[in-house]
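Student: Provided below are the primary sequence and the corresponding predicted coordinates.
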Amino acid sequence: MKWVQPDPKRENWYWPTEAMKARAWVSDPKIYEEAAADPVAFWAKRAEEIVWFQKWSETYVDEPYAYKWFVGGKLNLSYNSIDRHVEAGKGDKVALIWEPEPPDEPNRILTYKDLLVEVSRLANALKRLGIKKGDRVGIYLPMIPEAVIAMQACVRIGAVHTVVFSAFSAESLRDRLVDSGARLLITADGYYRRGKLIDLKPQADQALTGTKVEKVIVVRRTGHPVPMDPKRDLWYHELVSGEKDYCPAEPLDSEDLAFILYTSGTTGKPKGVMHTTGGYAVQVYTTAKWDFNLHEDDVHFCTADVGWITGHSYLNYGPLMNGVATVVYEGSPDYPDFGRMWQIIEKHKVTVYYTAPTAIRMHVKWGDEWPKKYDLSTLRVLGTVGEPINEEAWLWYFKLIGGERCPIIDTWWQTETGATCVQALPGIGPFIPTVAGRPFPGIRAKIVDAGGTPVNVGEGGYLVIEPPFPPALTRGLYGDPEKFKATYFGEFGPRLYFTKDGARMDEMGNIRITGRVDDVMNVAGHRLATAEVEDALSQHPLVSEVAVVSRPDDIKGEVPVAFVLLKAGAQPSEDLKKELIKTVDKYIGPTARPAEIYFVEDVPKTRSGKIMRRILKALVRGEPVGDITTLRNPECVEELKRLVGYKG
Ligand code: PRX
């Protein structure tokens, strides 16, 4: 089935076909105007699609730094994810498909009924261990069904989960456990990654000193021997075996804290982003449904780890609230070979695939032969998230994975927004490489200059969100209300949430995200974002990816330095450098000219694919590079040191 068709006039623009429009939840662009006329009423209508134990009395409270949604309403995220489907007679539908990394190990498939039993048992066990509403529970688990079960068990009883990515170090885990004051930790013996057994329990043990953790629940995933402290540690399977199969879902206030998720800011200390129950449930449910056009027969495969917001919202809560099957894959995309993801899609007849541009670029590098080996014809919608996607990767994804049949939904959002905010909708379109799309109906996003005034069509500026703030927008940073105000409302005041992203909008209202702007330079008295220079350079047709950082300069104060990755086949040369300078002149002006352009093979990135500009900055400034152990590609740092003549 063809779900998209090309625009007759504009190259690489696509629109939904009639088949897609017929299947889509929304296909009439009027929805944007309708929602814009009264966003609060729009969200109230969406909220009616989920189950409330008690209806709200006030839909939106517009207080500075203390906006609230569905006030007085009572609901439960876990009830909406599981019980409502079981009660509707859909208990035998598949809820979760677990794909272990070892290819010969059987899948674990849980129906909604199974999930209700598993979640209830753990929830009952947590209660028996004294965990009460509002208590924080750390979750340090690999990609196994228990990760979803643990999150669901917490929200079921009103405990606040704080999930820590299993590849984070003991130090990072400790910081988060201390900051959140967690009383209990759920972890595992280990997991498999690239065919190797990875220990997890010893890291967890190391992280506990200095925390308030009293009990540790350990999932037996690999079965290899791990140290167990008989006073503190409990095996998950033993703990839940005697528990009852049903635990009622606690009616929670709409504004009760659901979870804390730590994310990095511009400083070294992670920030505990808080999400509450009602607004988060409504926006996650609605965006999952509309962005990916979810129907009950869909098989949704989100490749994000549960340790990131994408795993929270679009691997766990979003798909389950929509009653679809969610695929959880334990391991690495290149194990046992580069075709693993495509093999999983074929095997489980995946219909929606949601991944990151970094992953797509990796697949491009691995070669076309891998996806070509598999039947990917069940796919209907492809999604991307987390960073701007370059045209080359977009087109590869569109052609090789989507077979030129599927829309690419490029979703812009953040840990702080909890759910997607800017994207094209599958039944409406258009789908354009490097352009995310319009703000979701009911979300008022605009692009402003440094003074908060909207910029003209096509001009670069800052992406901000106006009240009524999106229902899922963070309510604050755990334990640090002042930092919350300063970080997001410091620039433009309490009526404009500042995303810290640069963006530009076309005449149709489609937004292109150009990247973070927190790294601001002052070049010869001009305020300039590194992301703006990156945006300009990436306009050059041979540039694949680019990172710009600033370096002090005796005369101009600071100057930009660019690290440029070229497209496949392009050759670095002095002439190309001159062309790039001209491109910067064209899009910004001579003040933004990079003082230096380095053609490189790779730049340091986090595991989630973000360029670590901090490291590049240290390299060009000859400063200490700091900890690089959490990078996805620490090996590139040595090569870069050589290239820039680092003497730090
Ligand atoms: O810069 C934007 C980028 O990722 C940032 C948020 O990162 P994080 O909180 O880790 O959440 C990532 C997953 C939602 C944003 O400020 N970003 C996210 N999605 C996109 C994006 N940049 C461009 N296009 C996107 N689709």
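Tutor: Now that the structure is in, tell me what you want to look at.

Student: which residues of the stretch 401-550 of the chain lie near the ligand?
Tutor: Contact residues, the stretch 401-550 of the chain versus the ligand (C-beta under 6 Å from any ligand atom): 410-415, 436, 499-501, 513, 515-516. Yep, even glycine has a C-beta here, placed from its N, CA and C like the rest.

Student: top of those residues by number of neighbours, please.
Tutor: Among those, the one with the most neighbours (other C-beta atoms under 10 Å) is residue 410, at 28 neighbours.

Student: so what's it bridging to?
Tutor: Note on residue 410: beta-bridge partners residue 384, judged by DSSP bridges.

Student: what residues are up against it?
Tutor: With contacts defined as C-beta atoms under 8 Å, 6 or more residues apart in numbering, the neighbours of residue 410 are 383-385, 389, 394, 423-424, 434-437.

Student: need the distance between the two termini of stretch 58-76.
Tutor: Using C-alpha to C-alpha, to the nearest Å, one end of stretch 58-76 lies 18 Å from the other.

Student: buried set for that stretch?
Tutor: Neighbour counts over stretch 58-76 (16 or more other C-beta atoms under 10 Å) mark 59-60, 67-70, 73-76 as buried.

Student: and those residues, which two are furthest apart?
Tutor: 67 and 76 (22.0 Å; C-beta to C-beta).

Student: which of the contacts of residue 410 count as buried?
Tutor: 383-385, 389, 394, 423-424, 434-437.

Student: in strands, which of those residues fall?
Tutor: 383-385, 423 (DSSP state E).

Student: just the residues you listed now: which is nearest the ligand?
Tutor: residue 385 (5.0 Å; C-beta to the nearest ligand atom).

Student: chain neighbours aside, what residue packs nearest to the closest residue to the ligand within the stretch 51-200 of the chain?
Tutor: Per C-beta to the nearest ligand atom, residue 165 is where the stretch 51-200 of the chain lies closest to the ligand, at 11.1 Å. Spatial nearest neighbour of residue 165, excluding adjacent residues (C-beta to C-beta, 6 or more residues apart in numbering): residue 307 at 2.8 Å.

Student: one step back: could you check how far the residue of the stretch 51-200 of the chain closest to the ligand is from residue 45?
Tutor: Distance of residue 165 to residue 45, given as C-beta to C-beta, to the nearest Å: 36 Å.

Student: low-confidence ranges, the stretch 401-550 of the chain, go.
Tutor: Flagging of the stretch 401-550 of the chain using pLDDT under 70 yields the residue ranges 520, 522, 524-527.

Student: at 90 what do you get?
Tutor: 501, 514-533, 535-536, 539, 550 (pLDDT under 90).

Student: is it correct that residue 333 is in contact with residue 359?
Tutor: Yes: shown here, residue 333 and residue 359 form a contact pair, counting by C-beta atoms under 8 Å, at 6.5 Å.

Student: need the residues touching each of these two.
Tutor: By C-beta under 8 Å, 6+ apart, the residues touching both residue 333 and residue 359 are residue 303.

Student: what does the protein put close to the ligand?
Tutor: 263, 309-310, 385-388, 410-415, 436, 499-501, 513, 515-516, 608.

Student: mind listing which of those residues are in helices?
Tutor: 309-310 (DSSP state H).

Student: report the contact partners of the residue nearest to residue 165.
Tutor: Listed by C-beta under 8 Å, 6+ apart, the contact partners of residue 307 are 163-168.

Student: how about a cut-off of 7 Å?
Tutor: 163-166 (C-beta atoms under 7 Å, 6 or more residues apart in numbering).

Student: those strands in the stretch 401-550 of the chain, which residues are they?
Tutor: Remark: strands assigned in the stretch 401-550 of the chain by DSSP state E, counting those that start in this stretch are 408-411, 422-423, 438-439, 444-448, 461-466, 476-477, 497-505, 511-516, 520-523, 526-529, 543-553.

Student: could those be laid out in TSV, adding distance to residue 354?
Tutor: Listed next are those as TSV, based on distance: least, C-beta to C-beta, whole Å:
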stretch	distance to residue 354
strand 408-411	8
strand 422-423	11
strand 438-439	19
strand 444-448	21
strand 461-466	22
strand 476-477	27
strand 497-505	20
strand 511-516	17
strand 520-523	32
strand 526-529	28
strand 543-553	21
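
Student: please enumerate the helices of the stretch 251-400 of the chain.
Tutor: Assigned helices in the stretch 251-400 of the chain, in chain order: 277-291, 309-311, 318-321, 340-348, 357-366, 369-372, 391-396 (criterion: DSSP state H, counting those that start in this stretch).

Student: can I get the third one in CSV, CA atoms only?
Tutor: This points to helix 318-321. Extracted as CSV, the C-alpha positions of helix 318-321 are listed here (Å, rounded to 0.1, in the frame of the first residue of the first chain):
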residue,chain,number,x,y,z
GLY,A,318,1.9,6.2,24.4
PRO,A,319,1.6,2.9,22.6
LEU,A,320,0.0,1.1,25.6
MET,A,321,-2.5,3.8,26.2
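
Student: now stretch 11-19: how far from the chain's centre is it?
Tutor: With C-alpha atoms, centre = their mean, to the nearest Å as the basis, stretch 11-19 stands 26 Å off its chain's centre.

Student: the contacts of residue 410 into TSV, with extra columns for distance to residue 324?
Tutor: Shown next, in TSV, are the contacts of residue 410 (distance: C-beta to C-beta, whole Å):
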residue	distance to residue 324
383	14
384	19
385	18
389	24
394	25
423	18
424	21
434	29
435	27
436	23
437	22
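
Student: beta-bridge partners for the residue of the stretch 151-300 of the chain found nearest the ligand, please?
Tutor: Closest contact between the stretch 151-300 of the chain and the ligand, by C-beta to the nearest ligand atom, is at residue 263 (5.1 Å). With DSSP bridges as the criterion, residue 263 is bridged to residue 271.

Student: and the residue of the stretch 451-600 of the chain found nearest the ligand, how far from residue 286?
Tutor: Nearest to the ligand, among the residues of the stretch 451-600 of the chain, is residue 513, at 3.7 Å (C-beta to the nearest ligand atom). Residue 513 is 21 Å from residue 286, where distance means C-beta to C-beta.

Student: before we move on, back to that, need the helices of the stretch 251-400 of the chain in TSV with mean pLDDT, can you?
Tutor: Shown next, in TSV, are the helices of the stretch 251-400 of the chain (pLDDT from 0 to 100):
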stretch	mean pLDDT
helix 277-291	98
helix 309-311	95
helix 318-321	98
helix 340-348	98
helix 357-366	89
helix 369-372	98
helix 391-396	94
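
Student: which one of these is the most hemmed in?
Tutor: helix 318-321 (a mean of 29; mean count of other C-beta atoms under 10 Å).

Student: tell me how far it lies from the chain's centre.
Tutor: So, by C-alpha atoms, centre = their mean, the centroid of helix 318-321 is 15 Å from its chain's centroid.

Student: give me the contact list for that helix.
Tutor: Outside helix 318-321, the residues touching it (C-beta under 7 Å, 6+ apart) are 50, 80-82, 95, 281, 284-285, 287-288, 294, 300, 326.

Student: show me which of these is closest to residue 644.
Tutor: residue 287 (41.7 Å).

Student: dump the residue contacts of that closest one.
Tutor: Neighbouring residues of residue 287 by C-beta under 7 Å, 6+ apart: 318, 419-420, 440.

Student: how's this protein carved up into domains?
Tutor: 446-518, 523-644 (automatic domain parsing).
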